[in-house]
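> Below: sequence and its predicted model.
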Amino acid sequence: MRLPGNVRGRLYRESMSRASPLPAWLTRVGVFDLETTGVDVARDRIVTAYVGVLDAKGSEIAARSWLADPGVPIPEGAAAIHGVTTEHARREGRPARDVVAEITSSLRALFARGVPVVAYNASYDFSLLAHEALRHGVAPLADPTPVIDPLVIDKAFDRYRRGKRTLEVVAAHYAVPLDSAHEASADAIAAGRVAQALGRQFEMPDTPHELHTRQIGWARSQAASLTDYFIGIGRLDPEDAIDGTWPVRS
């Protein structure tokens, strides 16, 4: 029997109170997620967004959510994933420029206070946000740091585990509840809790800045490995390569 989401959340928080201690810098983390019109970071637009803060137990202690009118039609495929149609975004969403400016400002404030920000597959969210900022005349984040990317870290510490590495799969692997997948707040909170689970299970660097630096190298190596694999199966041409720049793609 599948337990209700609030029960799973309570059980998760109770289990965290008995879990191994976290590195001090993981006891308060920012979390960030976007839901968008598509997967092209240079061309697609923000539809919904969430920026929050979690405590050592993974509980939400601050949060802000946004719904934007992206100014372009939302493809049916994207709407089927996150649930926001073009009509809904036009009716209820705020101007895209205002949303982009506020998301950027919220993240900048966290970084200024030295709070690490967790984003799953961070190079997607931070790259798309940077392009949106430039599109709307908003000053983009300059070198966002420290960022924590559970996808990059999980691949680095458990490289040979078989299976997909979507947030849903990885969250389940680390016993992190994820309800309403592809809803920005749910995904962001789950990613933050996965980051904390990784911090309890593996030996982490002494500071989030050191982890950030290591992730730059890990992401580059992972992209090179994936490039070789895709070329080998004919999914990429030999002269092509996956961009491994992290946390903002070049």
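Perfect, I can see it now.

> Quick one: list the elements packing against the lengthiest helix in the chain.
The single longest helix within the chain, with elements called by DSSP state H, is helix 208-232. Counting contacts by 3 or more CB pairs under 8 Å, 6 or more residues apart in numbering; DSSP states H and E, helix 208-232 packs against strand 147-148, helix 150-157. The way it works is simple: take the backbone N, C-alpha and C, and place the C-beta from them, glycine included.

> looking at those, which is buried most?
strand 147-148 (a mean of 28; mean count of other CB atoms under 10 Å).

> Paired strands for that strand, with orientation please.
strand 117-118 (parallel) (DSSP bridges).

> Extract the CA atoms of the next helix or strand after the strand it pairs with and return them as PDB.
As assigned by DSSP states H and E, the chain's next helix or strand after strand 117-118 is helix 122-135. What follows is helix 122-135, C-alpha atoms only, in PDB (Å, rounded to 0.1, in the frame of the first residue of the first chain):
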ATOM      1  CA  ALA A 122      22.200  22.200 -12.400                       C
ATOM      2  CA  SER A 123      23.700  23.000 -15.800                       C
ATOM      3  CA  TYR A 124      20.200  22.900 -17.300                       C
ATOM      4  CA  ASP A 125      18.500  25.200 -14.800                       C
ATOM      5  CA  PHE A 126      21.300  27.700 -14.400                       C
ATOM      6  CA  SER A 127      22.000  27.800 -18.200                       C
ATOM      7  CA  LEU A 128      18.400  28.400 -19.100                       C
ATOM      8  CA  LEU A 129      18.000  31.000 -16.400                       C
ATOM      9  CA  ALA A 130      21.100  32.800 -17.800                       C
ATOM     10  CA  HIS A 131      19.700  32.900 -21.300                       C
ATOM     11  CA  GLU A 132      16.300  34.100 -20.000                       C
ATOM     12  CA  ALA A 133      18.100  36.900 -18.100                       C
ATOM     13  CA  LEU A 134      19.900  38.100 -21.200                       C
ATOM     14  CA  ARG A 135      16.700  37.800 -23.300                       C
END
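
> Measure how helix 122-135 sits relative to helix 208-232, angle-wise.
100 degrees (axes from the mean of the first three to the mean of the last three CA atoms, to 10 degrees).

> Just want the angle from helix 122-135 to helix 150-157.
150 degrees.

> which residues make contact with helix 122-135 from outside it?
Identification of contacts with helix 122-135 by CB atoms under 8 Å, 6 or more residues apart in numbering yields 32-34, 36, 39, 41-46, 96, 100-101, 103-104, 107, 119, 138-141, 144, 147-149, 151-152, 219, 243, 245-249.

> Are any of those buried, and if so which?
32-34, 36, 41, 44-46, 96, 100-101, 103-104, 107, 119, 138, 140-141, 144, 147-149, 151-152, 219, 246-249 (16 or more other CB atoms under 10 Å).

> Strands - which of those residues land there?
F32, D33, L34, T36, I46, V147, I148 (DSSP state E).

> thinking again about what came up before, any idea how far the longest helix of the chain is from the chain center?
Relative to its chain's centre, helix 208-232 lies at 16 Å (CA atoms, centre = their mean, to the nearest Å).

> Check which residues of that helix are buried.
So helix 208-232, judged by 16+ other CB under 10 Å, has buried residues P208, L211, H212, Q215, I216, W218, A219, Q222, A223, L226, T227, I231.

> Please enumerate residues in contact with it?
For helix 208-232, contacts defined as CB under 8 Å, 6+ apart pick out 25-26, 116, 123, 145-149, 152-153, 155-156, 204-205, 236-238, 240-247.

> make it 7 Å
25, 116, 123, 145-149, 152-153, 155-156, 204-205, 236, 238, 241-244, 246 (CB atoms under 7 Å, 6 or more residues apart in numbering).

> Tell me how many other residues crowd V29.
27 (other CB atoms under 10 Å).

> tell me the contacts of it?
Shown in contact with V29 (CB under 7 Å, 6+ apart): L54, V115, P116, V118, I148, G192, A195.
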